[in-house]
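> quick one, what's the 3D model for this:
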Amino acid sequence: MQKLLNRIFQVSENDSTIKREMLAGLTTFLAMAYILAVNPTILGSTGMDKNGIFVATVLAAALGTMCMALCANYPFVLAPGMGLNAYFAYTIVGQMGFSWQFALFAVFCEGIIFLLLSVTNVRETICNAIPQPLKHAVCAGIGLYIAFIGCQNSNLINDNPATLISLCSFKIADFSNSSLAALLALIGLIITAVLLSFKVRGALLLGILITWCMGMLSQLIGLYQIDVENGFYSLYPSFDMGMWQDLWGGFKNVFMQAFSEKSWTREGSIGYGWELVFSLQFIVIIFALLFVDLFDTLGVLTGTAAQANMLDKDGKLPRIKGALLADSIATGAGAILGTSTTTTYIESAVGVSVGGRTGFTAFTAAILFLLALPFAPLFLAIPAFATAPILIIVGYMMLGAVQKIDFSDVTIGVPSFCTMIAMPFCYSISDGVCVGICCWTIINTVMGKFERISWMLWILTILFIAKYAML
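Prediction:
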């Protein structure tokens, strides 16, 4: 079996081992398992069946990740994207008033368009057009971004009306579940860093498990209080025998609903069904989904690949067409299953940091997603503060890409810097890529360095400026 897997995924040729790839897949899965709890909550606000969304999320992630493993042999993992699910629920359905069935159809159309763009090399051309320094900047920017997400997930960083964000309060008088989660995340961060310093194998995975165990111990002694209303659930897995029937019963309520044209409606509109497809708002929705998904995916692929030294001497990602095809197929299939846009996940960087280099990492993660169905309570019990230290550590690792950027050259350094800071500040990988490309094109044009600007960069810059001016 080991020889067969080695032959299929070329593990030895990529200077890795089966054991290391499996560990990378497990660590990646645990780092992004939160999506199994978060996605049903967000999409459930539209009126969709939360149990059905859970099953759809699991199946879409498993299918997309398996496609990535077999079509591209890369350690990248896919799942319904954060941000895109919020746009689905709060903008398309919440603000625009479209039914969730129609929103699913829009996601399906996006997947078909992406598939055509991938087959015709448009997405590959766009990826290859991004200058090498910006690819390193994207890697570093993603590092800052996921570290920021880790700080938020653990409540280390909170909203503040005066300063936008602020550090969590650790005052004894104000100590709460939020403070405890932040404290446990800090302790977990220190433990994980020490394990890495001693070169302990599986340090990131151990960091998750140790932090989770500290949380369960805190609940046992009464320091951690269950507060469902404020999002603090039990840290212990609870198996309910009737849960599986609820899951599959709910799945029937979302599966194939994207094609239920009788349910395609919009609040306050006399039109319904196919009339909505030919409206201007539908075009706006498709463009927004395409834009965010395209540059989020390209950002994650190029940034994570740069971290793992997977880019060739010209700064291109080999077999990128297979990766983009997997992403496209996953989006369309996810809509059919009953979830929002499925895309390549930023937490793939966690598996790469552990040593994942081939599709067997993704294959392992895909199997674990499927196992999440019978063991749903176990995986859903992993708290966000337990994975937060890993996101912060991986962010630190990815930030090392800045060493490959020539900051002594302002025409290279400034666009790269803008790319990095835009991602956490705008809370968007795609915005970081857009800002970086626009700065690169404009600054190098002013300085007369036209050889650095390809025709694709000109087109992208014009489109980005138009996008920010009009949408």
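
> list the helices and strands the host helix or strand of residue 141 packs on?
Assigned by DSSP states H and E, residue 141 belongs to helix 132-153. Contacting helix 132-153 under the criterion 3 or more C-beta pairs under 8 Å, 6 or more residues apart in numbering; DSSP states H and E are the following elements: helix 280-307, helix 348-354, helix 384-399, helix 410-426, helix 429-446. In short, each C-beta sits where N, CA and C put it, glycine included.

> ok, which of these comes nearest residue 462?
Comparing the helices and strands packed on helix 132-153 by their distance to residue 462 (C-beta to C-beta), the top pick is helix 429-446, with 9.0 Å.

> right, and the helix or strand after that closest one?
The helix or strand immediately downstream of helix 429-446 is helix 455-470, counting by DSSP H and E.

> who are the packing partners of that next one?
helix 122-129, helix 429-446.

> most tightly surrounded among those?
helix 429-446 (a mean of 22; mean count of other C-beta atoms under 10 Å).

> what about the stretch 151-300 of the chain, any weak spots by pLDDT?
239-245, 269-271 (pLDDT under 70).

> the nearest residue to residue 206 once chain neighbours are set aside sits in which helix or strand?
Using C-beta to C-beta, 6 or more residues apart in numbering and skipping the chain neighbours, the partner closest in space to residue 206 is residue 195 (5.9 Å). Per DSSP H and E, residue 195 falls inside helix 177-197.

> which of the residues in the helix or strand that comes right after that helix are buried?
Sequence-wise, the next helix or strand downstream of helix 177-197 (DSSP H and E) is helix 203-220. By neighbour count with 16 or more other C-beta atoms under 10 Å, helix 203-220 contains the buried residues 203-208, 210-212, 214-216, 218-219.

> repeat that for stretch 84-96.
In stretch 84-96, counting by 16+ other C-beta under 10 Å, buried: 84, 85, 86, 87, 88, 89, 92, 93, 96.

> residues in contact with that stretch?
39, 42-43, 45-46, 98-100, 102-103, 106-107, 266, 281, 285, 288-289, 292-293, 296, 339-341, 343 (C-beta atoms under 8 Å, 6 or more residues apart in numbering).

> 7 Å - rerun?
When contacts are defined by C-beta atoms under 7 Å, 6 or more residues apart in numbering, stretch 84-96 is touched by residues 39, 42-43, 45-46, 98, 100, 103, 106, 281, 285, 288-289, 292-293, 340-341, 343.

> now list the buried members of those.
Buried positions within these, assessed by neighbour count (16+ other C-beta under 10 Å), are 39, 42-43, 46, 98, 100, 103, 106, 285, 288-289, 292-293, 340-341, 343.

> those residues: which two are farthest apart?
98 and 343 (20.8 Å).

> out of the helices and strands packed on helix 132-153, nearest to residue 467?
With C-beta to C-beta, the closest approach to residue 467 among the helices and strands packed on helix 132-153 belongs to helix 280-307: 6.7 Å.

> which residues make contact with the following helix or strand past the closest one from outside it?
Later in the chain than helix 280-307, the nearest helix or strand by DSSP H and E is helix 320-337. For helix 320-337, the external contacting residues (C-beta under 7 Å, 6+ apart) are 56, 59-60, 63-64, 67-68, 71-72, 74, 76, 78, 80, 104, 107-108, 110-112, 114-115, 118, 123-124, 127, 255-256, 258, 293, 297, 301, 341-344.

> and stretch 56-73, by the same measure?
Residues outside stretch 56-73 that contact it (C-beta under 7 Å, 6+ apart): 9-10, 35-36, 39-40, 74, 76-80, 251, 254, 319, 322-323, 325-326, 329-330, 333-334, 337-339, 342, 358-360, 362-363, 365-366, 369-370, 372-373.

> touching, residue 257 and residue 101? I think so.
Yes: with contact defined as C-beta atoms under 7 Å, residue 257 counts as touching residue 101 (4.8 Å).

> so what sits against both of these two?
residue 263.

> from residue 289, how far off is residue 384?
Using C-beta to C-beta, to the nearest Å, we find residue 384 at a distance of 26 Å from residue 289.

> just residue 230 next, same as before
For residue 230 relative to residue 289 (C-beta to C-beta), the value is 32 Å.

> so how far is residue 44 from the spatially closest residue to residue 273 that is not a sequence neighbour?
Spatial nearest neighbour of residue 273, chain neighbours left out: residue 261 (4.7 Å); criterion: C-beta to C-beta, 6+ apart. Applying C-beta to C-beta, the value for residue 261 to residue 44 is 23 Å.

> ok, now residue 416?
According to C-beta to C-beta, residue 416 and residue 44 sit 40 Å apart.

> ok, these two, which is more surrounded?
residue 416 (28 against 17; other C-beta atoms under 10 Å).

> for the more buried one, give me its contacts.
Counted by C-beta under 7 Å, 6+ apart, residue 416 has contacts 133, 134, 137, 405, 436.

> which of these ranks first by neighbour count?
Neighbour-wise, the contacts of residue 416 (other C-beta under 10 Å) top out at residue 137, 34 neighbours.

> how much space is there between that one and residue 410?
Counting by C-beta to C-beta - residue 137 and residue 410 are separated by 14 Å.

> okay, the strand or helix carrying residue 366 in PDB with CA atoms only?
For residue 366, the element it lies in under DSSP H and E is helix 359-371. The C-alpha coordinates for helix 359-371 follow below in PDB (Å, rounded to 0.1, in the frame of the first residue of the first chain):
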ATOM      1  CA  GLY A 359      -1.400  15.500  -2.800                       C
ATOM      2  CA  PHE A 360      -1.300  12.800  -0.200                       C
ATOM      3  CA  THR A 361      -1.600  15.600   2.400                       C
ATOM      4  CA  ALA A 362      -4.800  16.700   0.700                       C
ATOM      5  CA  PHE A 363      -6.000  13.100   0.300                       C
ATOM      6  CA  THR A 364      -5.600  12.600   4.100                       C
ATOM      7  CA  ALA A 365      -7.500  15.800   4.900                       C
ATOM      8  CA  ALA A 366     -10.300  14.700   2.500                       C
ATOM      9  CA  ILE A 367     -10.700  11.400   4.200                       C
ATOM     10  CA  LEU A 368     -10.800  13.200   7.600                       C
ATOM     11  CA  PHE A 369     -13.500  15.400   6.300                       C
ATOM     12  CA  LEU A 370     -15.600  12.300   5.400                       C
ATOM     13  CA  LEU A 371     -14.800  10.900   8.900                       C
END
